[in-house]
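# sequence unavailable; structure follows:
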């Protein structure tokens, strides 16, 4: 199982993440933000409140989250 040890929100809905193996990635999350629970993330001030959850993924207070394994997968598809 992957784990994220550091995260930072960047401009234009990008996030920088560091995995436990010290691999870094910048991922654009805009394609994953649309209706429903993710809508709140369109507010950049809210988007920047990203944090790491207890499972090593990233999350926001409204419950929207990304699994670290999925983030690894999409970071490798660039």
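Sure thing, it's come through. The shown structure was predicted, so the numbers you read here are calculated from the model rather than taken from an experiment. Numbers count the residues shown, from 1 in each chain.

# quick one: the strands in the protein?
4-9, 14-19, 24-28, 51-52, 58-59, 65-66 (DSSP state E).

# least trustworthy helix or strand in the protein by mean pLDDT?
With mean pLDDT, DSSP states H and E as the measure, the helix or strand of the chain carrying the lowest mean pLDDT is helix 68-76 (a mean of 93).

# tell me which residues in that one are buried?
68, 71-72, 75 (16 or more other Cβ atoms under 10 Å). Bear in mind the C-beta positions are built from the backbone N, C-alpha and C, glycine included.

# so where is this structure shaky, pLDDT-wise?
77-78 (pLDDT under 70).

# what residues does the least confident helix or strand of the chain touch?
1-4, 17, 19, 25, 27, 55-58 (Cβ atoms under 8 Å, 6 or more residues apart in numbering).

# and if you look at stretch 3-10?
Looking at what lies outside stretch 3-10 - Cβ under 8 Å, 6+ apart - the contacts are 15-20, 26, 47-52, 55-58, 68, 71.

# circling back to that earlier point, compare the contacts of helix 68-76 and tell me which is most surrounded.
residue 17 (24 neighbours; other Cβ atoms under 10 Å).

# so who does that residue touch?
Counted by Cβ under 8 Å, 6+ apart, residue 17 has contacts 4, 6-8, 24-27, 58, 71, 75.

# and if we set it to 10 Å?
With contact taken as Cβ atoms under 10 Å, 6 or more residues apart in numbering, residue 17 is in contact with 2, 4-8, 23-27, 50, 52, 57-58, 66, 68, 71-72, 75.

# again with residue 57
Residue 57 touches 1-4, 7, 17, 51, 65-71, counting by Cβ under 10 Å, 6+ apart.

# quick check: the spatially most central residue of the chain vs residue 66, distance?
The centre of the chain sits closest to residue 58, judged by Cα atoms, centre = their mean, with a distance of 5.0 Å. To residue 66, residue 58 is 5 Å away according to Cβ to Cβ, to the nearest Å.

# need the overlap of contacts for those two.
4, 7, 15, 17, 27, 29, 50.

# JSON lines for these, including distance to residue 41?
JSON lines is the format used below for those (distance: Cβ to Cβ, whole Å):
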{"residue": "4", "distance to residue 41": "17"}
{"residue": "7", "distance to residue 41": "14"}
{"residue": "15", "distance to residue 41": "11"}
{"residue": "17", "distance to residue 41": "16"}
{"residue": "27", "distance to residue 41": "13"}
{"residue": "29", "distance to residue 41": "7"}
{"residue": "50", "distance to residue 41": "9"}
